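Trainee: Here is a sequence with its predicted model. Questions after.
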Amino acid sequence: MSIIFGVIEEGLVYAIMALGVYITYKILDFPDLSVDGTFPLGGAITAVLVLAGVNPLIALLLAFIAGALAGCITGIIHVKLKVRDLLSGIIVMTALYSVNLRLVGKSNVAFFNSDSIFENPFINKIMPQGLSEVSVIAILVVIVLIVKILLDLFLKTRSGYLLRAVGDNETLVTSLAKDKGTVKILGLSIANGLAALAGSVYCQQNGFFDISMGTGTIVIGLANVIIGTKLLKRFGAIKATTAVIVGSIVYKACVSLAIFFGMEASDLRIITSALFLGILVISNGREKKVKNHA
Amino acid sequence: MLELRNINKYYNHGTVNEMCLFENFKLTIENQQFVSVVGSNGSGKTSLLNIICGSIPLDSGSIQINGTDISNMPEHKRLRRIGRVYQNPSVGTCPNMTILENMAIADTKGKPFNLLPGTNKSRIDFYRDQLRSLGLGLEDKMHIKVGVLSGGQRQAMALLMSTMTPIEFLILDEHTAALDPKTAEIIMELTDQIVKEKQLTTIMVTHNLRYAVEYGNRLLMMHQGNAVIDKANDEKSSLNIEYILEKFNEISIECGN
């Protein structure tokens, strides 16, 4: 039972980040590696703020803003300095490693005893003892739903339309008298804001920050997005954002299954990569088949 | 009024492959003129459009719209008052957005792209009427993605979308070239109708000499960066396709085509 709870919990945390990756990868068609740096950035900021006694909700907000700023920098490097998309992300990701170390001052820090969005006097009062796992999931569901609904609403605004258009057809955005570069920067900001938000939630849930927590974030994010969208594509009516959230939980379940069947926790990254590779190959194969039939 | 003054444009400037495209090129287009531009490949037709829109930079010279110099304005700012339809039908629309969303986003041109709803519900009837005027039945499938439409349907939408908001110039870059003859005819008639209705100043590049003679009130034939034929109004009306074809063959033979 606790394994299932663990899967859902982690799946939901990474779903927040995957919704960001959905913006860059699916909407903007931009392979953005900066999330490997912005996910732990959110954690670093949270560690510093929570240890200083700041309200954990404020820490969430500030983590989002910091992530958005970092995403903005990736965008500026790509758009204004004309560096290739992949490299812009790598530059920011690498720089953020040092930024995160500087922020926290050491490579890991624990803050189990500080208040978090999961453990604070208010939650402890309304939630009966012994139901802590349920309350964690309930809080995570609320956060994920808020992010998902806001994102869905945003994609239906004029600005959201423009964001979708820039990934779809850049020339049209220019024809609409809009600077496509600015739109990309906006998309990268939102995406990395969400990645940092996820990092903040992750750290608050685990009660510690570790400098290596970001390694492989982009692979997890891409896997979540691709599993979700491929798996639920046949159910046409399901929103892509919903699919990404489902994909995140399914992916986490696959990883847990691998560990359950005897893989070591230290094999986590290779499981992550192998699963991702498998998904890519399977989804490619299926597309080819469809094309051959057409 | 659009004025091109002393335009100079070289490709590969300063290398052995240097190619002069325009040397001291001048062109003035009066308001509400509909100019058809013909010429062989490499004669500078599309480059002319790209220079006007700012898609490629100038080496020297100036471009003015109604007296305002736009030579240094970035492309997206110039397109504020220019509508452009491309040869490739998929460039004028967003394939992964629905017909309705495409219409709505085109309608937002010139307005702030803020957090208001992307589709203004009170405009849907207007979009439907616009689509109905195309006569392609698109008004009944406003919620399907544009990516599944045919090239002709997409080009008709692109034309509608680029002229939906108030613009001063319409730039047509071989916009019927990728279509079958029947569809090309429909798109061309639609173009003429929209241009007349909205009284747009229009520049149309085409390889179809018949369209160039039939439509518009001025005809330019470009050759090696110069206009070898430039006839407007009555002079243009008296042109016949044989004369144009003869002239066209003449310049083509010169080039060894």
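Mentor: Nice, thanks for sending it over.

Trainee: can we go C-alpha only for contacts and neighbour counts from here?
Mentor: Will do.

Trainee: quick one, phi/psi of the one residue in the stretch 1-150 of chain B that gets nearest to chain A?
Mentor: Closest contact between the stretch 1-150 of chain B and chain A, by CA to the nearest CA, is at residue B:118 (3.8 Å). As for residue B:118, its main-chain torsions (degrees, to the nearest 10) stand at phi -60, psi -40.

Trainee: tally of neighbours for residue A:51?
Mentor: Residue A:51 has 17 neighbours, counted by other CA atoms under 10 Å in any protein chain shown.

Trainee: tell me the contacts of it?
Mentor: A:111, A:114 (CA atoms under 8 Å, 6 or more residues apart in numbering or on different chains).

Trainee: Okay, it and chain B: tell me how far apart.
Mentor: Here residue A:51 is placed at a distance of 36 Å from chain B (CA to the nearest CA, to the nearest Å).

Trainee: ok, now which ones touch the residue of the stretch 1-150 of chain B closest to chain A?
Mentor: Residues counted as contacts of residue B:118 (CA under 8 Å, 6+ apart) are A:156-161, B:101, B:104-105.

Trainee: now, which of those residues sits nearest residue A:274?
Mentor: residue A:160 (34.2 Å; CA to CA).

Trainee: Does the closest one touch residue A:166 like I think?
Mentor: No - using CA atoms under 8 Å, residue A:160 is not in contact with residue A:166; the gap is 10.0 Å.

Trainee: which residues of chain B fall in helices?
Mentor: B:45-53, B:75-78, B:99-107, B:124-132, B:151-162, B:181-198, B:209-214, B:233-237, B:241-255 (DSSP state H).

Trainee: which outside residues touch the longest one?
Mentor: What it means is helix B:181-198. B:134, B:152, B:155-156, B:159, B:163, B:176-177, B:201-202, B:211, B:215-216.

Trainee: Which among those residues count as buried?
Mentor: B:134, B:152, B:155-156, B:159, B:163, B:176-177, B:201-202, B:211, B:215-216 (16 or more other CA atoms under 10 Å in any protein chain shown).

Trainee: Spatially nearest residue to the residue nearest the centre of chain B, not counting backbone neighbours?
Mentor: Centroid-nearest residue in chain B: residue B:172, 1.6 Å away (criterion: CA atoms, centre = their mean). Distances taken as CA to CA, 6 or more residues apart in numbering or on different chains place residue B:204 nearest to residue B:172, at 4.5 Å, with adjacent residues excluded.

Trainee: try residue A:50
Mentor: Nearest residue to residue A:50, sequence neighbours excluded (CA to CA, 6+ apart): residue A:56, at 6.1 Å.

Trainee: where does the chain have low pLDDT?
Mentor: Let's take chain A. A:129-130, A:285-294 (pLDDT under 70).

Trainee: that's the wrong chain, I meant chain B
Mentor: Ranges of chain B meeting pLDDT under 70: B:254-257.

Trainee: Tell me the residues of it that contact chain A?
Mentor: Residues of chain B lying near chain A by CA under 8 Å from any CA of the partner chain: B:75-80, B:83-84, B:91-97, B:101, B:105-106, B:108-110, B:113-119, B:162.

Trainee: This completes my enquiry, with thanks.
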